[in-house]
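Q: Compute the structure for the input listed below.
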Amino acid sequence: MLEQSLEMGSPLHMDEDGAIRVAQTRVTLDSILWSFRSGASAEGIAEKYPSLDLGDVYAVIAYYLWNRERVDDYLARRSQEEELALGEITARFPREGLRERLLARRSVGTSEA
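A: Numbering: from 1, shown residues only. Alright, predicted model coming up:
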């Protein structure tokens, strides 16, 4: 499991929601790897996320390259969780009729004023 392979000295840590983040930032492993897989250099990633230290970006990329299978499994799980959450949100708040519902709320708010 990836969570068990996060080592001392690694800039990665898992937060209370199960997301792996870098050092003392809110930047996720997912974000860095999306940029890296899209062709961004470590320097470009560090520029994109100013809260990251360039050394941490290199460490995260190295960690990924050394643990590719585990990290890919983690990313697949995160993607599935994201799809489930999006499905729940879409079921609770359907897009159909959204404009009409918002306009109805607006007219109720202005008629009370």
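
Q: Please enumerate the helices of this structure.
A: For the chain, the helices defined by DSSP state H occupy 2-5, 29-37, 42-48, 54-66, 68-92, 98-112.

Q: Mind telling me which of those the model trusts least?
A: Lowest mean pLDDT of the helices of the chain: helix 2-5, a mean of 58.

Q: Let me have the helices of the chain in TSV, adding mean neighbour count as columns.
A: Where C-beta positions appear, they are placed from N, C-alpha and C, glycine not excepted. TSV is the format used below for the helices of the chain (neighbours: other C-beta atoms under 10 Å):
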stretch	mean neighbour count
helix 2-5	13
helix 29-37	18
helix 42-48	16
helix 54-66	17
helix 68-92	12
helix 98-112	9
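
Q: how about these in CSV, adding distance to A23?
A: Listed next are these as CSV, based on distance: least, C-beta to C-beta, whole Å:
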stretch, distance to A23
helix 2-5, 17
helix 29-37, 11
helix 42-48, 12
helix 54-66, 5
helix 68-92, 17
helix 98-112, 39
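
Q: so which of those comes closest to P11?
A: Checking the helices of the chain against P11 by C-beta to C-beta gives helix 54-66 as the closest, at 4.1 Å.

Q: returning to what we had before: which one, of the helices of the chain, ends up nearest to I20?
A: Nearest to I20 among the helices of the chain is helix 29-37 (4.1 Å), distances taken as C-beta to C-beta.

Q: what sits up against the closest one?
A: Identification of contacts with helix 29-37 by C-beta atoms under 8 Å, 6 or more residues apart in numbering yields 12, 19-22, 42, 44-45, 48-49, 52, 57, 60-61, 64, 71, 74-75, 78.

Q: tilt between that helix and helix 54-66?
A: Angle of helix 29-37 versus helix 54-66, following axes from the mean of the first three to the mean of the last three C-alpha atoms, to 10 degrees, is 80 degrees.

Q: what's the angle from helix 29-37 to helix 68-92?
A: Here helix 29-37 runs at 110 degrees with respect to helix 68-92, directions being taken by the same axes, to 10 degrees.

Q: Check the offset of helix 29-37 from the chain's centre.
A: 9 Å (C-alpha atoms, centre = their mean, to the nearest Å).

Q: Please apply the same query to stretch 36-49.
A: That offset, for stretch 36-49, works out to 15 Å (C-alpha atoms, centre = their mean).
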